[in-house]
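> sequence first, predicted coordinates after that:
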Amino acid sequence: MRRVSDVERRQRLARRHALAPQHRAPDPVAATRAMTVLHATEAPSVYLSLWARVDGLTVADVDRALYDDRSLVKQLAMRRTLFVFPRDLLAAAWGSSSARVATALRARFAKEIEQAGFTADGAAWLAAAEKATLARLADGAELSAQQLREEIPELAGRLDVGKGKYATTVSLAPRVLTQLGVEGQIVRARNAGHWRTARPQWTATETWLGEVPEPAGEREGYAELVRRWLRTFGPGTEADVVWWLGSTKTAVRAALADVGAVEVELAGGGTGWVLPDDVEPEPEVEPSSALLPVLDPTVMGWKERGFYLGEHGPMLFDTNGNAGTTAWWDGRIVGCWVQDPDGIVVLNLLEDVGADARAALEADAARLTAWLDGHRVSTVYPSIAMKQALAP
C-alpha cells in the first residue's frame, strides 16, 4: 500500500483545486469541474471561489455560465446544501443525493403541516400546491417566491413549526419551491438582486435546460459523485466521503467498489482512497497563496481536515461546522481575511508565515480589494478569527 504524506496531499490540493497560479482554471465551468461542485449557500461565495481559481475573472463571466449558457446550475443536494453543479452532473445528483434529501424533506414538511393543524392530510396538500406551482411555471415564466405567493392561493399561507424556544413561523411558498427544486422539477433561474445577494427567480427545469436528462439510478448516481470527489479530493477517508456525500457507509462502500477505488496509507496510519489511475506520486508544486471565501469547497471538502487546517479549526469554523473565510499558504490554512468599513481586504494571520508568504498574501488582498471595487460582502457565518479582525 502506497503511503501519501500530508505534504503530498497539500500539493495535490494546490494543483487540482486550481489554487496554484500555474494551475489556474481557464473559465468558471472548468474551475467548477475541478472542485466537483461549488458551495452556494451564500451567493457571494460562488463568485469569490471562482475568482480564486480563474485569472481575469469578471462577474459577467460567472453570470454568463449561470444564466446565459446555463452550463452551471444551482441544485440542492448533499447534506441539504445548495451547490453549483456542472450541468452534466445533475442527473447523478437527482438520482442519489438530491433524492435522499427530497424524501426526508417531503416527509418532514407533510408532518409539520398536519401538526400545525393546517390540514389533516399534509401529503395531499403538498401535492396540490406543487401541481398549482408547476402549472403556473409551465409557460416558461421566471418568478420569485413572492410573485408566486401572490398568484397562487396554495402558497399564500404561513406555518407554525417547532416548539418552545425553537418555535417559529415560516412562509409556505419557499418550502414548496425548495421541495420542487430538490426534486429537479423547477430550478433557480436568474438572480433578481446584486451578485452578493440571493434573490432567485424560479422556472420549470425543462424551460431552463431544454433537454432534461433522466435521473441516474441511485447506485449509479452515487458512484459518479464519488468518482468526481476522488478526482478532486482524493485521497480521502471513508469518513470524509460519508460526510461530504451526506449518505450512509453502505452507499459509500458500494460507490468506492463501483469506481474501483484503491487504498493508500495516510500520515498517521489511516486509510485513504484514490481512483485506480491516480496512485502515482504527485509532482511538487511551488508554494503559493490563496484567499478563499466562506464555505469554499476546498475548506469544506473533507471531514478530517488536520493535514491542511492544523490546530486552527476552532478559530475558523463555527460550532455547526461552517467555515469562514480562509487565507492559505503552501496548501495550508494560516488565517482568514475580512473587509474593513471602507471595503479594504485585511488579513488576520494565525501564525508566523514568514516574509515571502505574508507578501504574497498581502498582494492577494490588494487584488481582491480591487476586484470587489468597494462592494462589501457580508456573511451569517463569521468565524472567531474574522470577528477578532473586525474588533475595534
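That came in fine, so what should we check first? The model shown is predicted, which means the values in this text are computed figures rather than measured ones.

> tell me which element the residue nearest to Val176 when sequence neighbours are not counted falls in.
Among residues not flanking Val176 along the chain, Ala129 sits closest, at 5.0 Å (C-beta to C-beta, 6 or more residues apart in numbering). For glycine as for every other residue, the C-beta is placed from the backbone atoms N, C-alpha and C. According to DSSP states H and E, Ala129 maps onto helix 122-137.

> how far out from the middle of the chain is that helix?
28 Å (C-alpha atoms, centre = their mean, to the nearest Å).

> what do you get for stretch 5-17?
20 Å.

> got it, and stretch 350-369?
26 Å.

> list the buried ones in that stretch?
By 16 or more other C-beta atoms under 10 Å, the buried positions in stretch 350-369 come out as Leu350, Val353, Ala357, Arg358, Ala360, Leu361, Asp364, Ala365, Leu368, Thr369.

> so which of the residues you listed are in helices?
The helices, defined by DSSP state H, take in Ala357, Arg358, Ala360, Leu361, Asp364, Ala365, Leu368, Thr369 from the buried residues of stretch 350-369.

> turn those residues into TSV, including pLDDT and distance to Gly140.
Formatted as TSV, these follow (pLDDT from 0 to 100; distance: C-beta to C-beta, whole Å):
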residue	pLDDT	distance to Gly140
Ala357	98	51
Arg358	98	52
Ala360	98	48
Leu361	98	47
Asp364	98	42
Ala365	98	44
Leu368	98	38
Thr369	98	41
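
> can you redo those residues as TSV with distance to Pro86?
Formatted as TSV, these follow (distance: C-beta to C-beta, whole Å):
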residue	distance to Pro86
Ala357	33
Arg358	36
Ala360	30
Leu361	30
Asp364	26
Ala365	30
Leu368	25
Thr369	30
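
> just give me the closest of these to Met78.
Leu368 (28.0 Å; C-beta to C-beta).

> okay, now the closest residue to that closest one other than its chain neighbours: neighbour count?
Excluding the flanking residues, the one nearest Leu368 by C-beta to C-beta, 6+ apart is Val345, at 4.7 Å. The burial count assigned to Val345 is 21, neighbours taken as other C-beta atoms under 10 Å.

> could you pick out the longest strand of the protein?
When the chain is parsed with DSSP state E, its longest strand is strand 332-339.

> mean confidence score for it?
Averaged over strand 332-339, pLDDT sits at 98.

> sheet-wise, list the partners of that strand with their directions.
Applying DSSP bridges, strand 332-339 is found paired with strand 326-329 (antiparallel), strand 345-349 (antiparallel).

> the nearest residue to Arg332 once chain neighbours are set aside: which element?
Distances taken as C-beta to C-beta, 6+ apart put Tyr308 closest to Arg332, at 5.3 Å, once the chain neighbours are dropped. Tyr308 is located in helix 306-309, with elements delineated by DSSP H and E.

> centre of the chain to that helix, how far?
20 Å.

> show me what that helix is packed up against.
helix 6-16, strand 332-339 (3 or more C-beta pairs under 8 Å, 6 or more residues apart in numbering; DSSP states H and E).

> what are the buried residues along that helix?
Phe307, Tyr308, Leu309.

> how about the contacts made by the last one?
Taking C-beta atoms under 8 Å, 6 or more residues apart in numbering, we find Leu309 in contact with Leu316, Arg332, Ile333.

> before we move on, the earlier item: ok, so of the buried residues of stretch 350-369, who is nearest Thr197?
Nearest to Thr197 out of the buried residues of stretch 350-369 is Leu368 (C-beta to C-beta; 18.9 Å).

> isn't that closest one up against Leu292?
No - here Leu368 lies out of contact with Leu292, judged by C-beta atoms under 8 Å, at a distance of 10.5 Å.

> rounded mean pLDDT for the following helix or strand past the helix holding Ala129, please.
Later in the chain than helix 122-137, the nearest helix or strand by DSSP H and E is strand 143-144. The pLDDT scores in strand 143-144 average 96.

> repeat for stretch 12-29
Across stretch 12-29, pLDDT averages out at 97.

> just send the buried residues of stretch 350-369 back as TSV, with distance to Leu180 too.
Formatted as TSV, the buried residues of stretch 350-369 follow (distance: C-beta to C-beta, whole Å):
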residue	distance to Leu180
Leu350	43
Val353	47
Ala357	47
Arg358	49
Ala360	46
Leu361	43
Asp364	40
Ala365	41
Leu368	36
Thr369	40
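
> run the chain-centre distance for the worst-scoring helix or strand of the chain on mean pLDDT.
One helix or strand of the chain scores below all others by mean pLDDT, DSSP states H and E: strand 158-161, with a mean of 83. Here the centre of strand 158-161 is set off from its chain's centre by 28 Å, with C-alpha atoms, centre = their mean.
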